[in-house]
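Trainee: What shape does this take:
(chains A and B, ligands or ions: 4)
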Number of protein chains: 2
Amino acid sequence: KTQTKDSDPVTGDNEPEVMGGKPIYMVSDGTGWTAEHSVNAALGQFEHCLVDRGCPVNTHLFSGIDDVEMLMEIIKQAAKEGAILVYTLADPSMAESAKQACKLWGIPSTDILGPITEAIASHLGVSPSGLPRGAPGRYFPLSDEYFRRIEAIEFTIKQDDGALPQNLNKADIVLAGVSRTGKTPLSIYLAQKGYKVANVPIVMGVELPKSLFEVHPEKVFGLTINPLVLQTIRKARAKSLGFSEEVRSNYSEMDYVRQELEFAGRTFAQNPVWPVIEVTGKAIEETAAVILRLYHDRKHRCSMPRISKLY
Amino acid sequence: KTQTKDSDPVTGDNEPEVMGGKPIYMVSDGTGWTAEHSVNAALGQFEHCLVDRGCPVNTHLFSGIDDVEMLMEIIKQAAKEGAILVYTLADPSMAESAKQACKLWGIPSTDILGPITEAIASHLGVSPSGLPRGAPGRYFPLSDEYFRRIEAIEFTIKQDDGALPQNLNKADIVLAGVSRTGKTPLSIYLAQKGYKVANVPIVMGVELPKSLFEVHPEKVFGLTINPLVLQTIRKARAKSLGFSEEVRSNYSEMDYVRQELEFAGRTFAQNPVWPVIEVTGKAIEETAAVILRLYHDRKHRCSMPRISKLY
Ligand SMILES: Nc1ncnc2c1ncn2[C@@H]1O[C@H](COP(=O)(O)O)[C@@H](O)[C@H]1O
Ligand SMILES: Nc1ncnc2c1ncn2[C@@H]1O[C@H](COP(=O)(O)O)[C@@H](O)[C@H]1O
Ligand SMILES: [Mg+2]
Ligand SMILES: [Mg+2]
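Mentor: Ligands and ions are numbered 1, 2, ... in the order given. Sure thing, here's the model as predicted:
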């Protein structure tokens, strides 16, 4: 039995041509994720009009663009569609070509990589390589960091949802909170950054694993959330999982939600070293930033709050 | 039993002050991940001298900086340490303060958010809000996208390592490859982008699940890797898992590695619609970019290769 292919899970579209947003072209000689990340942050500044498609925007990501013919074709197409261009091109002659062609065709353009690379070059007194990632001859080194990140991800997956409580002491960070406070996506986000994370669900009336109270309490973070918001999330969850009416009502019923949050609150109060993080209204990466800031602050008590990294 | 806290898993350090790299300060009113991502990409241009700490660099991330006093304190500290400053500040008066203070203190600075926000503002004919993410009153909306991403992550975790083959048809993307081709971190990376991913290990002499051949073949991607590189990775893995000599030699012995890759190659040859992706020398996010490009190209056969998204 072969399935038919349905519309894209992420963009929800089938044909970019028929979509009506103002086009933003993103071009990279690498993956394009840096350009995409920057554009996303900037689009956050237009949320007031993006909401309800007040000023729809269409982004188009072109990755792996490492020859000038391809680049010119994309810029011509951008001109045709009335797009602006955002680019990251390591080869200075490619970056210059992009700039000049955009000028020629009247396309506003922004160089994401150039300014910061130049600033770092002056700072270090070293010339940039001008080589795109993935250029022939450049090999991705199997560094310690590579292995560490993979280990963190594999550890974190295995520890999800309270599994293997005997391993909690091997985690760098332990998250505790009631169902649907975002423990799983948060754990995964932190794991990608190289931290081994374990998460422990708090369920009313269920005893927490003893090992949670045996790990260093500065590793443990409690998550809390507004009960109304939690109820909304749980209702959506219960529906998508097809819970029976009975289980569902218990799981997302307001009284129960409140009591369970209070139960969690009492656990947190009994462990005053655990910071309690309010996740209401925060995106996963925002909660992650709060946790990592605390995590690093606790290490360097006397310095300014910062996350430092040696390259 | 309380554990002592050991050195940081990610930075490997205990005291930032004693590290010797040239400092790069990153300041954001949000999480700081955008600045970090851009700095990381730019640092890729200095790999030739960063390797072996030829020109060591120290990054310092300051997130959630939303008042001007804190900002000034950081800039003064940057001046003291001889750092450069990279910033993303949504409030135009904060961004201007950063710029002016850096000028005053003689600190080279780069604004990551401003130029691209201005370009988009002109393009849309809409003024930016000037509000940082997480500003009071701004609430993170529980959008469909939020739920979709969480569902993708939870799905992907459950499907890891060939689990629940009966669910392969529910995946957007299915990855197949021998052990240590990076299926797990790749699956997780794609899941964070909102794709439901399942990965299926290919093990010599073990029959693949029937359901793998029943899903739409355009969903399936084969992963392959240079046998020498794979052997290196497997040796590291076998050691870290503490495999016994016997299992270890089979798993990472060159003949076995080669034969298993050939076995995978034959499977791929029998399923010519599956693209086979060479992962040797590629970072996870590079392989992800290749897969998503193919994934989207196959949808929009007649347009230019791109990933489009409507906001
Ligand atoms: N490790 C690296 N080495 C060299 N250049 C890189 C590296 N990582 C990213 N870049 C460059 O930084 C820009 C953004 O990368 P990407 O996010 O892959 O599009 C591109 O121009 C890449 O070529
Ligand atoms: N959803 C959003 N709404 C408003 N501003 C945002 C949003 N996402 C990111 N930004 C801004 O973009 C910059 C980079 O964000 P961050 O990566 O969180 O440091 C910061 O100045 C944020 O305030
Ligand atoms: Mg969970
Ligand atoms: Mg795996």
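Trainee: Report the secondary structure state of the residue in the stretch 201-311 of chain A that ligand 3 sits nearest to.
Mentor: Nearest to ligand 3, among the residues of the stretch 201-311 of chain A, is A:Pro201, at 6.9 Å (C-beta to the ion). Quick note: C-beta positions are derived from backbone N, CA and C, even for glycine. Under DSSP: H, G, I helix; E, B strand; the rest coil, A:Pro201 falls in the strand class.
Trainee: ok, it touching A:Ser179?
Mentor: Yes: at 5.9 Å, A:Pro201 counts as touching A:Ser179 under the criterion of C-beta atoms under 8 Å.
Trainee: For the closest residue to A:Gly106 other than its chain neighbours, pull up the helix or strand it's in.
Mentor: Nearest non-adjacent residue to A:Gly106, counting by C-beta to C-beta, 6 or more residues apart in numbering or on different chains: A:Ala79, 7.0 Å away. Using DSSP states H and E, A:Ala79 sits within helix A:68-81.
Trainee: just checking, what packs against the next helix or strand after that helix?
Mentor: Later in the chain than helix A:68-81, the nearest helix or strand by DSSP H and E is strand A:84-88. Contacts defined by 3 or more C-beta pairs under 8 Å, 6 or more residues apart in numbering or on different chains; DSSP states H and E place strand A:84-88 against strand A:22-28, helix A:33-43, helix A:68-81, helix A:92-105, strand A:109-111, helix B:114-124.
Trainee: CA atoms only for strand A:84-88 - export them in CSV, please.
Mentor: Output in CSV follows, covering the C-alpha atoms of strand A:84-88 (Å, rounded to 0.1, in the frame of the first residue of the first chain):
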residue,chain,number,x,y,z
ILE,A,84,14.7,41.3,-1.2
LEU,A,85,17.9,39.3,-0.8
VAL,A,86,19.6,38.2,2.4
TYR,A,87,22.9,36.3,1.9
THR,A,88,25.8,34.6,3.5
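Trainee: Report the rounded mean pLDDT for that strand.
Mentor: Mean pLDDT, computed over strand A:84-88, is 98.
Trainee: how far off helix B:33-43 does it point, in degrees?
Mentor: Taking axes from the mean of the first three to the mean of the last three C-alpha atoms, to 10 degrees, one finds strand A:84-88 and helix B:33-43 inclined to each other by 60 degrees.
Trainee: And the contacts of strand A:84-88?
Mentor: A:23-30, A:32, A:34-35, A:38-39, A:75, A:78, A:95, A:98, A:102, A:107-113, B:41, B:116, B:119-120, B:123 (C-beta atoms under 8 Å, 6 or more residues apart in numbering or on different chains).
Trainee: ok, A:Gln123 - contacts?
Mentor: Careful, residue A:123 is His; it's not Gln. B:22, B:24, B:84, B:108.
Trainee: Now do it, the pLDDT please.
Mentor: Note on A:His123: pLDDT of 98.
Trainee: Which helix or which strand is home to A:Lys309?
Mentor: Assigned by DSSP H and E, A:Lys309 falls in strand A:307-310.
Trainee: hmm, that strand touching ligand 2?
Mentor: No: remark: strand A:307-310 sits outside contact range of ligand 2, by C-beta under 6 Å from any ligand atom, the gap being at least 12.2 Å.
Trainee: what is the rounded mean pLDDT of that strand?
Mentor: pLDDT averaged over strand A:307-310 gives 83.
Trainee: what does stretch A:283-297 give?
Mentor: The model assigns stretch A:283-297 a mean pLDDT of 95.
Trainee: So which bits of that stretch are buried?
Mentor: A:283-296 (16 or more other C-beta atoms under 10 Å in any protein chain shown).
Trainee: mind checking how far the residue of the stretch 51-200 of chain A found nearest ligand 3 is from A:Ile107?
Mentor: Nearest to ligand 3 in the stretch 51-200 of chain A, going by C-beta to the ion, is A:Thr184, at a distance of 3.3 Å. Remark: distance between A:Thr184 and A:Ile107 (C-beta to C-beta, to the nearest Å) = 42 Å.
Trainee: who's more crowded, these two?
Mentor: A:Thr184 (22 against 19; other C-beta atoms under 10 Å in any protein chain shown).
Trainee: Any idea how many residues pack against the residue of the stretch 1-150 of chain A found nearest ligand 2?
Mentor: Nearest residue of the stretch 1-150 of chain A to ligand 2: A:Gly44, at 2.3 Å (C-beta to the nearest ligand atom). When counting by other C-beta under 10 Å, one arrives at 21 neighbours for A:Gly44.
Trainee: next one: A:Ala171
Mentor: A:Ala171 has 23 neighbouring residues, counting by other C-beta under 10 Å.
Trainee: doesn't A:Leu212 make contact with it?
Mentor: No: the pair A:Ala171 / A:Leu212 is not scored as a contact, 10.5 Å apart, by C-beta under 8 Å.
Trainee: follow-up on the earlier one: pull out the buried residues from the helix holding A:Ala79.
Mentor: Buried, per 16+ other C-beta under 10 Å, within helix A:68-81: A:71, A:74-75, A:77-79.
Trainee: same check, this time on stretch A:209-216
Mentor: Using 16+ other C-beta under 10 Å as the test for burial, stretch A:209-216 gives A:211-212, A:215.
Trainee: which residues of chain A fall in helices?
Mentor: A:33-43, A:47-50, A:68-81, A:92-105, A:114-124, A:144-159, A:183-192, A:227-241, A:245-252, A:254-270, A:284-299 (DSSP state H).
Trainee: what does chain A put close to ligand 3?
Mentor: Chain A comes close to ligand 3 at residues A:161, A:183-184, as judged by C-beta under 5 Å from the ion.
Trainee: where does the stretch 151-300 of chain A have low pLDDT?
Mentor: Within the stretch 151-300 of chain A, the ranges that satisfy pLDDT under 70 run A:246, A:248-249.
Trainee: give me the residue from it nearest chain B.
Mentor: A:Ala289 (3.7 Å; C-beta to the nearest C-beta).
Trainee: mind listing what the residue nearest to that residue when sequence neighbours are not counted touches?
Mentor: Spatial nearest neighbour of A:Ala289, chain neighbours left out: B:Thr31 (3.7 Å); criterion: C-beta to C-beta, 6+ apart. Neighbouring residues of B:Thr31 by C-beta under 8 Å, 6+ apart: A:285-286, A:288-289, B:63-64, B:133.
Trainee: Quick check: B:Thr31 vs A:Asn199, distance?
Mentor: Going from B:Thr31 to A:Asn199 by C-beta to C-beta gives 20 Å.
Trainee: pLDDT at the residue of chain A most remote from its centre, what is it?
Mentor: Within chain A, the residue lying farthest from the chain centre (C-alpha atoms, centre = their mean) is A:Leu104, at 36.6 Å. With respect to pLDDT, A:Leu104 scores 97.
Trainee: How about A:Cys302?
Mentor: pLDDT recorded at A:Cys302 is 59.
Trainee: Same question for A:Ile107.
Mentor: 97.
Trainee: Surely it touches A:Ile75?
Mentor: Yes: counting by C-beta under 8 Å, A:Ile107 does reach A:Ile75; the two are 6.6 Å apart.
Trainee: Give the intersection of the neighbour lists for these two.
Mentor: Shared contacts of A:Ile107 and A:Ile75, counting by C-beta under 8 Å, 6+ apart, come down to A:85, A:101.
Trainee: Report the contact partners of the one residue in the stretch 51-200 of chain A that gets nearest to ligand 4.
Mentor: Residue of the stretch 51-200 of chain A nearest ligand 4, by C-beta to the ion: A:Glu154 (6.8 Å). A:Glu154 makes contact with B:Thr184 under the criterion C-beta under 8 Å, 6+ apart.
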